[in-house]
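A.B. asks: Okay, predicted coordinates and the sequence, questions at the end:
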Amino acid sequence: MPELPEVEVTRRSFAAQIEGAKVLSVTMGKPLRWPLGCEPALLVGRHIRQVRRRGKYLLVDLDEGMLMLHLGMSGSLRFAPDLPATLGAHEHFDMRTDKGVLRLHDPRRFGAVIATQGESDPVARKLLEGLGMEPLDAGHFSWARFYAGLQASRTPIKTLLLGGKLVVGVGNIYASEVLFASRIAPTAPANTISAVKARRLFQSIQKILALAVERGGTTLRDFSNADGMPGHFQLQAKVYGREGLPCVQCGTPIALLRQGQRSTYHCPRCQRPSKSH
C-alpha cells in the first residue's frame with residue numbers, strides 16, 4: 001500500500017511538470033472507490049495551479065476547484081508527454097493536458113479521484129479534517145502536541161501511529177522501522193513511554209520518513225513514481241520483512257507478531273517491553 005513517502009515521491013515526480021497545464025480531456029475507466037463527483041467534461045479548460053499533499057491525498061489545485069487523488073491499496077500515477085489513447089484494464093483515470101498525460105493505474109480500484117470546490121468543500125473537509133500532524137513539515141509537526149497525544153492514549157503505540165490522528169504517514173512498514181530505531185516495544189501503551197524514548201520516536205519519524213522520500217519510497221510489489229521509477233527504501237529496512245534474520249544491532253532473530261491484522265516486525269531484545277518503557 002502506498003504510504004506517505006510514496007505519495008510525496010509521486011507528487012515531486014510530476015508536480016513541477018504539470019503546473020500551469022490546461023486540461024484538454026478527462027476520461028474515466030472502471031468505477032473507483034468513490035465517484036468523481038462531476039461530469040468529466042466540466043474539468044476541460046481548467047488550469048492546474050499546483051499539486052500539494054495532505055496525508056496520503058494529492059491535492060491538485062485548479063483555477064476553479066480542486067481534484068483529490070488517493071492511491072488506495074495498489075494505485076500509482078504516471079505522467080508522460082503522451083500515452084496510448086486506449087486505457088488499459090487497470091487504468092481508471094486519464095487527464096490529458098497541454099503539458100502531458102496524467103493517468104491512474106490501480107488494479108484493486110481502492111483509489112479515488114474526487115472533484116471538489118476546494119478544501120472547504122464538505123467532501124474535502126470530511127476526508128481531511130481528522131488527519132494528524134504532517135511529519136515532513138517541521139512547522140506543523142510539534143513535539144509538545146506529539147508527546148501530549150502519547151500521554152493521552154493507552155492504545156498500543158504501533159496501533160496509535162497507524163491510526164493517523166496524531167501524526168499522518170507512519171504506515172505499517174515505517175511504524176515498525178521508527179519503533180525499532182527508538183527501541184520501543186510495538187505493544188507498549190502510548191502513555192507509558194518515557195519522555196526520552198518519546199523524543200527519540202518523534203525524531204525517528206522525521207528522519208526515517210525523510211530518508212524514505214530520499215530513497216524514492218518503498219517498492220515491495222508494484223509501486224513506482226509518476227516517471228515509472230521504483231523506490232529503494234526497502235533496502236534500508238532494519239526490521240520490516242526480516243523475520244528470523246539477525247537483528248542488525250544485537251543479532252537476536254527478528255520476530256513477527258500480529259497487531260490488528262497487520263504484521264509487526266521487531267527485535268525482542270532491543271525493543272524489550274519494560275514497566276517504564
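C.D. replies: That came through fine. Note that the coordinates shown come from a computational prediction; the quantities given were computed from them, not determined experimentally.
A.B. asks: Can you classify His92 by secondary structure?
C.D. replies: strand (DSSP: H, G, I helix; E, B strand; the rest coil).
A.B. asks: ok, it touching Pro107?
C.D. replies: No. Judged on C-beta atoms under 8 Å, His92 makes no contact with Pro107 at a distance of 9.8 Å. No exception for glycine: its C-beta is placed from N, CA and C like everyone else's.
A.B. asks: if you count what's nearby, which of the two comes out ahead?
C.D. replies: Taking other C-beta atoms under 10 Å, His92 and Pro107 do not tie; His92 has more neighbours (23 against 17).
A.B. asks: For the more buried one, list the residues it contacts.
C.D. replies: 28-32, 104-106, 109, 111 (C-beta atoms under 8 Å, 6 or more residues apart in numbering).
A.B. asks: And Thr27, by the same measure?
C.D. replies: 40, 87, 93-94, 96.
A.B. asks: Provide a list of residues in contact with Gln117.
C.D. replies: 65-66, 124.
A.B. asks: measure it to Leu67 for me?
C.D. replies: 11 Å (C-beta to C-beta, to the nearest Å).
A.B. asks: With Leu166 instead?
C.D. replies: Counting by C-beta to C-beta, the gap from Leu166 to Leu67 is 27 Å.
A.B. asks: Kindly report the same for Leu102.
C.D. replies: From Leu102 to Leu67 the distance is 10 Å (C-beta to C-beta).
A.B. asks: ok, the two, which is more surrounded?
C.D. replies: Applying other C-beta under 10 Å to Leu102 and Leu67 shows that Leu102 carries more neighbours, namely 28 against 24.
A.B. asks: these two touch, right, that one and Leu83?
C.D. replies: No. The criterion here is C-beta under 8 Å, and Leu102 misses it with Leu83 at 9.2 Å.
A.B. asks: anything in contact with each of these two?
C.D. replies: Asp94.
A.B. asks: Report the buried residues of stretch 107-122.
C.D. replies: Using 16 or more other C-beta atoms under 10 Å as the test for burial, stretch 107-122 gives 107, 109, 111-116, 119, 121.
A.B. asks: typo on my end, it should be stretch 17-27
C.D. replies: Per 16+ other C-beta under 10 Å, stretch 17-27 contains these buried residues: 17-18, 21, 23, 26.
A.B. asks: what about the strands in the stretch 1-150 of the chain?
C.D. replies: 23-28, 48-54, 57-62, 66-70, 76-80, 91-97, 100-105, 112-116 (DSSP state E, counting those that start in this stretch).
A.B. asks: Look up the closest residue to Pro186, ignoring the ones flanking it.
C.D. replies: Lys158 (3.9 Å; C-beta to C-beta, 6 or more residues apart in numbering).
A.B. asks: Pop out the phi and psi values for Glu243.
C.D. replies: phi -50, psi 130 (degrees, to the nearest 10).
A.B. asks: Quick one: residues contacting it.
C.D. replies: 253-256, 265 are the contacts of Glu243 under C-beta under 8 Å, 6+ apart.
A.B. asks: now it: how far from Pro186?
C.D. replies: Glu243 is 14 Å from Pro186, by C-beta to C-beta.
A.B. asks: neighbours around the residue lying closest to Arg49 once chain neighbours are set aside, how many?
C.D. replies: In space, and not counting its chain neighbours, Arg49 is closest to Asp61: 4.3 Å by C-beta to C-beta, 6+ apart. When neighbours are counted by other C-beta under 10 Å, Asp61 registers 17.
A.B. asks: Leu131 is in contact with Arg125, correct?
C.D. replies: No. Counting by C-beta under 8 Å, Arg125 sits too far from Leu131 to count as a contact (10.9 Å).
A.B. asks: which of those two has more neighbours?
C.D. replies: Under the neighbour definition other C-beta under 10 Å, Arg125 and Leu131 were set side by side, and Leu131 has more, 16 against 13.
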